[in-house]
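> got a predicted structure plus its sequence, pasted below:
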Amino acid sequence: MNDLDIEIAVLLPCRNEEATIRDVVEGFKIALPEASVYVYDNGSVDATVSEALEAGAIIGSEPAEGKGRVVRRMFAEIEADVYVMADGDGTYDPAESPILVKKLLDASLDMVVGTREGITRDAGRRGHVVGNRIFNRLYKMLFSSGFSDIFTGYRVFSRRLVKSFPSISTGFEIETEICVHTSQLDLPVAEIPVSYGLRPEGSKSKLNTISDGLKLLRAMLVLVKENRPFFMFGSLSILSIFSSVALVIPLAVTYAQTGLVPRLPTVVLATGLAVLGLLFLALGLILDSIAKARMEAKRISYLQN
């Protein structure tokens, strides 16, 4: 399929995936024989590296733990025209990668997202399924995006996106950050359903439903603050001012009837909330101007690649 002499790189960030990485590497070598397959190890203590080497992968390393750190290093060091990113746990089918690559090239897109059809099983962990649905809906509400699976690890990118993506994430929230980046710059993207399998015997998920869910929630709030600060601080401003008004109304009624203000602490609290609301509003306006300037810089960087 590489009639245009396009250089394709398969990116596989891995940590302790000795049970699956050989089959994953071999699968991509069969599906995309013209591609270079890179396995970047993230501090594995098993035979992940040796298994990947024997399968014919090019090995890299990122000792600092976290998928975001690994992806950032891969994006910086690997040169290609098209990048295929997947996980090394065997849950994604390498045979479907040519479909994603073809879609990217034929439609001149910057990203093709492989949305997981079998996510309802999710390695038998119902908490992951519920969390995935909640976060996808929250993402649509916050960023007005049409993505249906923001956490999938199966994606194909253009060189222009990879080399202009200002990654700051350190962990599994990297997929969400990529989605926010493409949404904010309104880059051309598409989704294609892909199969999502169960982990094979001997392979264990590194996700913890509660702790990683809290990390993702925190990361999403940070992304909102960085990319939609007026929405975030404007909402806090409205909340503070309405709370202040709610406290003042009964005091005003009492004052009109008696000429007295019997609850001075409530007056102080209401005044403080009103001032806080105005501060939130001013902060939102200032940060919104900075965010727009940053977005313009991102757009310029994107166009220069």
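On my side now, so go ahead. Numbering: from 1, shown residues only.
> what sits against residue 16?
Residues near residue 16 by CB atoms under 8 Å, 6 or more residues apart in numbering: 44-46, 48, 206. Using the backbone N, CA and C atoms, a C-beta is placed for each residue, glycine as well.
> what is the neighbour count of residue 48?
Neighbour count of residue 48, defined by other CB atoms under 10 Å: 24.
> before we move on, what about residue 76?
Counted with other CB under 10 Å, residues neighbouring residue 76 total 11.
> next one: residue 106
Residues lying near residue 106 (other CB under 10 Å) number 8.
> low-confidence stretches in the chain?
Within the chain, the stretches with pLDDT under 70 are 1-4, 118-132, 144-146, 199-210, 212.
> tell me where it has strands.
8-14, 36-41, 58-61, 82-85, 111-116, 155-158, 189-194 (DSSP state E).
> need those in TSV (columns: distance to residue 21 and mean neighbour count).
Below are the strands of the chain laid out as TSV (distance: least, CB to CB, whole Å; neighbours: other CB atoms under 10 Å):
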stretch	distance to residue 21	mean neighbour count
strand 8-14	6	25
strand 36-41	6	23
strand 58-61	11	15
strand 82-85	15	26
strand 111-116	19	23
strand 155-158	19	24
strand 189-194	19	18
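> of those, which is nearest residue 99?
Nearest of these to residue 99, taken as CB to CB: strand 189-194 at 6.3 Å.
> got the CA positions of that closest one in CSV?
Provided in CSV are the C-alpha atoms of strand 189-194 (Å, rounded to 0.1, in the frame of the first residue of the first chain):
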residue,chain,number,x,y,z
VAL,A,189,-9.6,13.9,12.0
ALA,A,190,-11.8,10.7,11.6
GLU,A,191,-12.9,7.7,13.6
ILE,A,192,-12.9,4.1,12.4
PRO,A,193,-14.3,1.2,14.6
VAL,A,194,-11.7,-1.4,15.5
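> residue 28: neighbouring residues, count only.
Residue 28: 25 neighbours (other CB under 10 Å).
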